[in-house]
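Chemist: dropping a prediction and its sequence here:
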Amino acid sequence: MTVTYVIDGSEITGLERFWQLIGEAVNGPGGYFGNGLDAFADCLRGGMGTPDDGDFVIEWRDHALSARALGHEETARHLRGLLGRAHPSNLPRLRQELARADDGRGPTLFDRLLEIIRDETAPGTLRLL
């Protein structure tokens, strides 16, 4: 039986709020389901609240509102936060991504989250409404 996890995109105001909402959608109030892009990908692979057989759907309602909240401005804010703790070998790439985000170009956090979901789950898992 397919389990559906609902994300209310109208409640997403930034990346931190996304982590809260996806955690609660999968694991109930106060639940955890990643608190970083790599951790989120790990959680999608299983063992963190989703069915062992991978039979689940993520229904992302009002996703257009989320796309705005997780757009270039939030992406730039996130990248600035990474600069202070990134390995020196990653700094040139992060600075380049930050410059693009500051200019309103390149992939956003919303784009990256969709990519992770599509890469780590079965086709049809993500439903954008």
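Modeler: Perfect, I can see it now. Numbering: from 1, shown residues only.

Chemist: tell me which residues of stretch 48-62 are tucked away?
Modeler: Neighbour-count burial for stretch 48-62, counted by 16 or more other Cβ atoms under 10 Å, picks out 48-50, 56-60. C-beta coordinates here come from the backbone N, C-alpha and C atoms, glycine included.

Chemist: separation between the residue nearest the centre of the chain and Pro88?
Modeler: The centre of the chain sits closest to Leu113, judged by Cα atoms, centre = their mean, with a distance of 3.5 Å. Distance of Leu113 to Pro88, given as Cβ to Cβ, to the nearest Å: 27 Å.

Chemist: hmm, back to that, save the buried residues of stretch 48-62 as TSV, and put in distance to Leu70 and pLDDT too.
Modeler: Below are the buried residues of stretch 48-62 laid out as TSV (distance: Cβ to Cβ, whole Å; pLDDT from 0 to 100):
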residue	distance to Leu70	pLDDT
Met48	21	95
Gly49	22	95
Thr50	22	94
Phe56	22	96
Val57	20	97
Ile58	15	98
Glu59	17	98
Trp60	11	98
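
Chemist: pipe the residues you listed into a markdown table and attach distance to Asp8 and secondary structure per row.
Modeler: As requested, the buried residues of stretch 48-62 are exported to a markdown table (distance: Cβ to Cβ, whole Å; DSSP: H, G, I helix; E, B strand; the rest coil):
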| residue | distance to Asp8 | secondary structure |
| --- | --- | --- |
| Met48 | 21 | coil |
| Gly49 | 18 | coil |
| Thr50 | 19 | coil |
| Phe56 | 17 | strand |
| Val57 | 15 | strand |
| Ile58 | 12 | strand |
| Glu59 | 10 | strand |
| Trp60 | 9 | strand |
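
Chemist: which one of the residues you listed is nearest Ile22?
Modeler: Nearest to Ile22 out of these is Ile58 (Cβ to Cβ; 8.1 Å).

Chemist: could you check how far the closest residue to Thr2 other than its chain neighbours is from His78?
Modeler: Distances taken as Cβ to Cβ, 6 or more residues apart in numbering place Asp55 nearest to Thr2, at 5.1 Å, with adjacent residues excluded. According to Cβ to Cβ, Asp55 stands 31 Å off from His78.
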